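S.K.: Give me coordinates for this.
(one chain, ligands or ions: 1)
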Amino acid sequence: MCGIVGYIGHREAYPIVLKGLKRLEYRGYDSAGIALYDGDEMKLSKTKGKVVDLEKRLESEITTNGTVGIGHTRWATHGVPNDVNSHPHYSNSGNLVIIHNGIIENYEPLRQELINRGYSFTSETDTEVLVNLIEDVKTKENVKLGKAVQIALNQTVGAYAIAVFDKNKPDEIVVARLGSPLAIGVGEEEFFIASDASPFIEYTNNAIYLEDGEMAVVRKKKGVKVRKIQDDSLVDPYVQELKMNLEQIEKGGYDHFMLKEIYEQPNAIKDTYRGRMRVEEGIIKMAGIDDHIDKFLNARRILIIACGTSWHAGLVGEYIFEDLARIPVEVEYASEFRYRNPVIYEDDVVIAISQSGETADTMAAIKLAKERGAFVFGICNVVGSSISRETHAGAYTHAGPEIGVASTKAFTTQITVLTLIALQMAKKKGVISTSDFFMHLQELERIPEKVEKALEASDHIKEVAEIYKEASNCLYLGRGFNFPVALEGALKLKEISYIHAEGYPAAEMKHGPIALIDEQMPVIVIATKKGHYEKVVSNIQEIKSRKGKIIGIVTEGDVTVKNLADHVIEIPETMESMTPLLTTIPLQLLSYYIAVMLGKNVDQPRNLAKSVTVE
Ligand code: M6R
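M.R.: Next up is the predicted model:
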């Protein structure tokens with residue numbers, strides 16, 4: 001996820017674009033850049049770091065008060081965050097300049113083709129490929145910028161929101177979107193372009209939100225012309241009147257980042273598997289794995305190291321790897337592992353999981369594993385983070401920035417990556433049949449849709465939250481793949497609502513926690529159809545006979561648990577190994593609503609930090 005901003009009109013562009021970037025920084029903040037047209041030439045400046053770093057640099061560099069400009073704040077996907085990979089990117093001639101939010105999946109073959117045609121590249125980005133593709137089309141076909149953008153985009157696979165400017169046609173900016181948001185603020189002979197309306201809300205309340213697959217030529221005097229990218233047909237743009245305030249817009253209309261991030265999960269999971277899974281062909285392609293497949297196939301065991309929510313994802317990974325890839329797995333708290341003199345073999349594969357890629361304990365555990373000769377693979381969300389650089393290889397989750405301190409989309413996207421790795425290993429080891437492999441790919445592809453469905457229970461979950469918000473304690477139970485989800489559900493509740501909660505394997509309840517159960521105790525039981533269902537039903541009976549309050553997370557259409565529980569929350573049916581991707585959703589929402597009802601600071605709970613860079 002990145003933020004894009006543009007302005008064309010009669011005001012000085014620089015302050016508008018710069019302020020817009022600051023407002024969009026929540027979308028990505030590893031580098032930033034601006035291109036301004038001074039009436040003759042483009043002035044481009046970009047830097048690794050935050051918008052304030054760009055601003056400092058611009059104090060000495062920017063000399064123009066031109067009225068056209070575009071800017072970008074980046075969340076790296078292709079290429080580490082550095083000055084060169086930052087946006088905007090010029091085309092080879094220097095005539096075109098582009099900003100891009102998204103991923104061009106087929107950039108590698110396009111890049112090769114352009115190199116064969118004499119183009120050269122300075123960055124590692126897919127975006128520089130796109131701007132040169134547009135330039136190539138424009139020159140070859142001798143067409144206007146808008147047409148060239150349209151033809152070029154029809155050759156790409158992936159997601160984008162782009163703004164392109166041609167210094168030889170300075171009265172227009174061409175924009176397009178597919179899979180990434182793009183709004184056009186409409187003023188009096190002035191237009192604003194942005195990933196959301198926050199950069200322009202103080203200038204205009206009128207906005208056109210481009211739909212997926214649409215592009216627009218935005219002209220200072222002639223206005224906005226919208227077309228379908230695929231077939232060039234004209235679209236009558238709908239100018240919407242905005243009634244939101246600034247803060248609401250940054251959070252996409254959600255009250256908190258946490259809620260926004262919970263709702264982003266269908267897309268985040270899609271972004272995680274995008275370009276890595278070709279379902280029809282029955283193929284998984286992950287360079288980090290494929291380039292080191294021998295290490296994975298010859299591994300004595302897999303050691304997963306992580307903290308907090310990432311550790312819970314690792315525990316789900318243990319079940320997935322053992323089930324699908326038939327390899328022994330141990331999951332370790334990084335903080336314990338590093339101080340325990342652990343036995344590490346040279347033929348161990350260590351998988352380090354971290355959303356931020358900066359967690360100090362995980363980093364130290366990685367260094368230890370490397371010293372002992374193990375191969376270390378990282379699963380991180382933040383591109384170019386310390387952990388992603390310290391590991392031998394890795395895979396990004398591509399979940400986009402997670403701002404809420406309570407991890408939500410990080411968890412489900414980490415599980416998605418772990419599932420892809422386990423499936424690839426299973427296939428290469430020959431321990432999964434072709435049809436089973438194919439069925440898993442198909443089901444993973446359906447998960448985003450099923451997450452959407454699970455989110456529909458939100459109002460019902462709010463009612464349940466209202467009933468239990470005053471509880472002092474809560475118990476979360478799950479078995480098999482869903483035992484780690486019980487742990488994660490309990491962590492979510494305690495960190496944002498400060499209610500004491502514990503997660504347990506359902507069968508362990510009778511070895512102690514059952515003593516806690518009375519009519520005051522809400523017990524959240526994950527009782528999906530495919531996970532030791534009858535056994536969990538017996539556990540529910542045990543709770544019921546001790547008058548505990550039961551909230552069952554069940555598969556759609558369940559009858560048995562419905563008859564026993566005080567409340568049930570349904571999730572769609574899926575393969576057992578993928579249930580954690582769905583059962584997690586109601587637990588996130590439940591803790592969110594309880595915390596809100598208690599008036600807690602959901603996005604920044606007390607005593608916590610988003611990335612724990614100290615021991
Ligand atoms: O960035 P990381 O994934 O390494 O962070 C690990 C934990 O600090 C993190 O998951 C923490 O537990 C979250 N606040 C949980 O919601």
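S.K.: In the stretch 301-450 of the chain, where is pLDDT below threshold?
M.R.: Applying pLDDT under 70 to the stretch 301-450 of the chain flags the ranges 384.
S.K.: can you give me the helices in it?
M.R.: Per DSSP state H, counting those that start in this stretch, the stretch 301-450 of the chain carries helices over the ranges 308-320, 334-337, 360-371, 386-390, 409-429, 434-455.
S.K.: quick one: contacts for the closest residue to the ligand within the stretch 501-615 of the chain?
M.R.: The ligand sits closest to Val612 of the stretch 501-615 of the chain, with a gap of 4.7 Å, by Cβ to the nearest ligand atom. The way it works is simple: take the backbone N, C-alpha and C, and place the C-beta from them, glycine included. Contacts were defined as Cβ atoms under 8 Å, 6 or more residues apart in numbering; by that measure Val612 touches Cys307, Gly308, Thr359, Ala360, Asp361.
S.K.: How about His532?
M.R.: His532 is in contact with Arg479, Gly480, Ala506, counting by Cβ under 8 Å, 6+ apart.
S.K.: Quick check on the first one: phi, psi?
M.R.: Read that as Arg479. The phi and psi torsions at Arg479 (degrees, to the nearest 10) take the values phi -120, psi 160.
S.K.: Do I have it right that it meets Ala507?
M.R.: Yes: with contact defined as Cβ atoms under 8 Å, Arg479 reaches Ala507; the gap is 6.5 Å.
S.K.: Tell me where the stretch 1-150 of the chain is predicted with low confidence.
M.R.: In the stretch 1-150 of the chain, residues with pLDDT under 70: 1, 62-63.
S.K.: Show me the strands in the stretch 151-300 of the chain, by range?
M.R.: Along the stretch 151-300 of the chain, counting by DSSP state E, counting those that start in this stretch, strands occupy 158-166, 172-178, 183-186, 191-194, 206-209, 214-219, 223-228, 234-235, 240-241, 277-278, 283-284.
S.K.: quick one, which of those is nearest to Lys428?
M.R.: Ranking those by proximity to Lys428 (Cβ to Cβ) places strand 283-284 first, at 9.7 Å.
S.K.: Next, format the strands of the stretch 151-300 of the chain as CSV and append distance to Val5 and mean neighbour count.
M.R.: As requested, those are exported to CSV (distance: least, Cβ to Cβ, whole Å; neighbours: other Cβ atoms under 10 Å):
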stretch, distance to Val5, mean neighbour count
strand 158-166, 8, 25
strand 172-178, 11, 25
strand 183-186, 10, 24
strand 191-194, 5, 27
strand 206-209, 14, 18
strand 214-219, 13, 22
strand 223-228, 16, 16
strand 234-235, 23, 12
strand 240-241, 19, 11
strand 277-278, 33, 17
strand 283-284, 36, 18
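S.K.: what about Ala471, how many neighbours?
M.R.: Residues lying near Ala471 (other Cβ atoms under 10 Å) number 17.
S.K.: In a helix, it, correct?
M.R.: No: under the criterion used here (DSSP: H, G, I helix; E, B strand; the rest coil), Ala471 is coil, not part of a helix.
S.K.: you'd agree it is up against Asp518?
M.R.: No: assessed by Cβ under 8 Å, Ala471 is found out of contact with Asp518, at 11.7 Å.
S.K.: measure stretch 350-367 end to end?
M.R.: Criterion Cα to Cα, to the nearest Å; first-to-last residue distance in stretch 350-367 is 11 Å.
S.K.: Which positions within it qualify as buried?
M.R.: 350-366 (16 or more other Cβ atoms under 10 Å).
S.K.: ok, now stretch 367-381?
M.R.: The neighbour-count check on stretch 367-381 (16+ other Cβ under 10 Å) flags Leu368, Ala369, Lys370, Ala374, Phe375, Val376, Phe377, Gly378, Ile379, Cys380, Asn381 as buried.
S.K.: The fourth one and Pro342 touch, don't they?
M.R.: The one in question is Ala374. No: if you go by Cβ under 8 Å, Ala374 and Pro342 don't touch, sitting 10.2 Å apart.
S.K.: sorry, back to before: what strand or helix carries the residue of the stretch 501-615 of the chain closest to the ligand?
M.R.: For Val612, there is no helix or strand it lies in under DSSP states H and E.
S.K.: Which pLDDT value does the model give it?
M.R.: With respect to pLDDT, Val612 scores 72.
S.K.: So which residues on the stretch 201-350 of the chain come close to the ligand?
M.R.: The stretch 201-350 of the chain has residues Cys307, Gly308, Thr309, Ser310 near the ligand, with proximity defined as Cβ under 6 Å from any ligand atom.
S.K.: ok, the second one - contacts?
M.R.: In other words, Gly308. The neighbours of Gly308, taking Cβ under 8 Å, 6+ apart as the test, are Ser407, Leu491, Val612.
S.K.: if you set the cut-off to 10 Å instead, what comes out?
M.R.: Counting by Cβ atoms under 10 Å, 6 or more residues apart in numbering, Gly308 makes contact with 333-334, 353-355, 359, 361-362, 406-407, 410-411, 488, 491, 495, 608, 612.
S.K.: With mean pLDDT as extra columns, can I get the strands of the stretch 151-300 of the chain in CSV?
M.R.: Output for the strands of the stretch 151-300 of the chain, formatted as CSV (pLDDT from 0 to 100):
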stretch, mean pLDDT
strand 158-166, 94
strand 172-178, 96
strand 183-186, 95
strand 191-194, 97
strand 206-209, 92
strand 214-219, 97
strand 223-228, 96
strand 234-235, 96
strand 240-241, 88
strand 277-278, 93
strand 283-284, 96
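S.K.: still on that earlier bit, which neighbours do Ala374 and Pro342 share?
M.R.: Leu303, Asp348, Leu368.
S.K.: Give me the nearest residue to the first one, chain neighbours excluded.
M.R.: Read it as Leu303. Val350 (4.7 Å; Cβ to Cβ, 6 or more residues apart in numbering).
S.K.: That neighbour touches Glu371, doesn't it?
M.R.: No: between Val350 and Glu371 there is no contact under Cβ atoms under 10 Å: 11.5 Å.
S.K.: Pull up the overlap in contacts between those two.
M.R.: If you check Val350 and Glu371 against Cβ under 10 Å, 6+ apart, the residues they both contact are Ile344.
S.K.: Distance check, Glu402 against the ligand.
M.R.: Distance, Glu402 to the ligand, by Cβ to the nearest ligand atom, to the nearest Å: 9 Å.
S.K.: Likewise for Gly252?
M.R.: Separation of Gly252 from the ligand (Cβ to the nearest ligand atom): 20 Å.
S.K.: First-to-last residue distance for stretch 540-556?
M.R.: 18 Å.
S.K.: Would you mind giving the domain segments of this protein?
M.R.: Residue ranges for the domains of the chain, per automatic domain parsing: 3-247, 251-454, 456-602.
S.K.: Most proximal residue of this structure with respect to the ligand?
M.R.: Proximity of the chain to the ligand (Cβ to the nearest ligand atom) peaks at Gly308, 2.0 Å away.
S.K.: Burial check on the residue nearest to His89 when sequence neighbours are not counted, number of neighbours?
M.R.: Nearest residue to His89 in three dimensions, chain neighbours excluded: Glu128, at 4.5 Å (Cβ to Cβ, 6+ apart). Neighbours of Glu128 under the rule other Cβ under 10 Å: 28.
S.K.: State the helix or strand in which Glu128 lies.
M.R.: Per DSSP H and E: helix 126-141 holds Glu128.
S.K.: Now do that helix and strand 172-178, the angle between them.
M.R.: For helix 126-141 against strand 172-178, the angle by axes from the mean of the first three to the mean of the last three Cα atoms, to 10 degrees is 120 degrees.
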